[in-house]
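**Student:** sharing a model that was predicted from the sequence below.
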Amino acid sequence: TVTTFGRSFVREARAVLDRAQGLAQLANSADPVSGELTLGCFTDLAPYYVPDLLRRFAIVKPAIHVSFRDAGFDALCSQLENGIIDLALTYDLGLNSRIERLTLQTLAPHALLPADHPLAKQKSVSLKQLAAHPLILTDQALSWQHVLELFHWAGAQVDVATRASSFELQRGLVANGFGVAVAYTRPVGDRGYDGKNLAIRPIRDKVPDHRILLAWSKDAPLSPATQAFAGFVKARFAE
């Protein structure tokens, strides 16, 4: 395990190398920006965004190598502070005051229902209506707490049926009739892995939106390569 001194040393060494690379490029302004960076992404968002971002970025900036890792909210914050990752693509949960945030998108929560569920006949549902049915949560720290806070805010008592280890398992359990769920992430196609259909309905309560962020440590200056990738991600989300 890298010590505190080791993390500081690596952070400063990378900054020195980035500056040296910048000086070398001054000799030939036609040289493209090059370098390496590591992107961290919240586990539920990773399959939805990361593959497309990496593929498109490699086309426009082939001299920059981007590696990535997915993790939970608490791990991402720690990895940013320790210099393990340069950027994090995540929701606005689990980040402290030493983390810089750039809002990329805001999302409203929606209900996940079995396709033949009685509430699926409605155009929208309330949290109190959902609370009358078994609730399936993910076991991601902070994520399940946030969902329970939404029901508490609405004055609804919930019966938690189970906690799923992943977003896709949660969707599969809902599709097979084990309960209902609340989520912000919305993959293309309302089906579980086994092909069973889901009904997705907006929640009519006035609840807070969730923000998708690009985050980085205030203590670590962004290299030219990292700045280029951050700008690319911002532009992609704007589209």
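**Tutor:** Cool, the structure landed.

**Student:** give me the next element, helix or strand, following the longest helix along the chain.
**Tutor:** Of all segments of type helix in the chain, defined using DSSP state H, the longest is helix 4-26. Next helix or strand after helix 4-26 toward the C-terminus (DSSP states H and E): strand 35-42.

**Student:** the residue most central in space within the chain and residue 132, how far apart?
**Tutor:** For the chain, residue 90 is the residue whose C-alpha lies nearest the centre (CA atoms, centre = their mean; 3.0 Å). Between residue 90 and residue 132 the distance, using CB to CB, to the nearest Å, works out to 32 Å. Quick note: C-beta positions are derived from backbone N, CA and C, even for glycine.

**Student:** helices or strands next to the helix or strand of the chain with the lowest mean pLDDT in the packing?
**Tutor:** The element with the least model confidence among the helices and strands of the chain, by mean pLDDT, DSSP states H and E, is helix 4-26, at a mean of 74. For helix 4-26, the elements it packs on are helix 224-238, judged by 3 or more CB pairs under 8 Å, 6 or more residues apart in numbering; DSSP states H and E.

**Student:** just checking, what packs against the helix it packs on?
**Tutor:** Applying 3+ CB pairs under 8 Å, 6+ apart, we find helix 224-238 packed against helix 4-26, strand 35-42, helix 46-60, strand 64-71, strand 87-91, strand 99-107, strand 210-217.

**Student:** of the ones you listed, flag the one that's most buried.
**Tutor:** Mean neighbour counts were taken over the helices and strands packed on helix 224-238 using mean count of other CB atoms under 10 Å, and the top value, a mean of 26, falls to strand 87-91.

**Student:** report all helices and strands that it contacts.
**Tutor:** Contact analysis of strand 87-91 by 3+ CB pairs under 8 Å, 6+ apart lists strand 35-42, helix 46-60, helix 73-81, strand 210-217, helix 224-238 as its packing neighbours.

**Student:** quick one: the last one to chain centroid distance?
**Tutor:** In other words, helix 224-238. 16 Å (CA atoms, centre = their mean, to the nearest Å).

**Student:** which one of the helices and strands packed on strand 87-91 lies closest to residue 96?
**Tutor:** Smallest distance to residue 96 across the helices and strands packed on strand 87-91 (CB to CB): 6.2 Å, for helix 73-81.

**Student:** how about low-confidence regions in the chain?
**Tutor:** 22, 24-31 (pLDDT under 70).

**Student:** any idea how far residue 51 is from the residue nearest to the centre of the chain?
**Tutor:** Between residue 90 and residue 51 the distance, using CB to CB, works out to 17 Å.

**Student:** and if you look at residue 202?
**Tutor:** According to CB to CB, residue 202 stands 27 Å off from residue 51.
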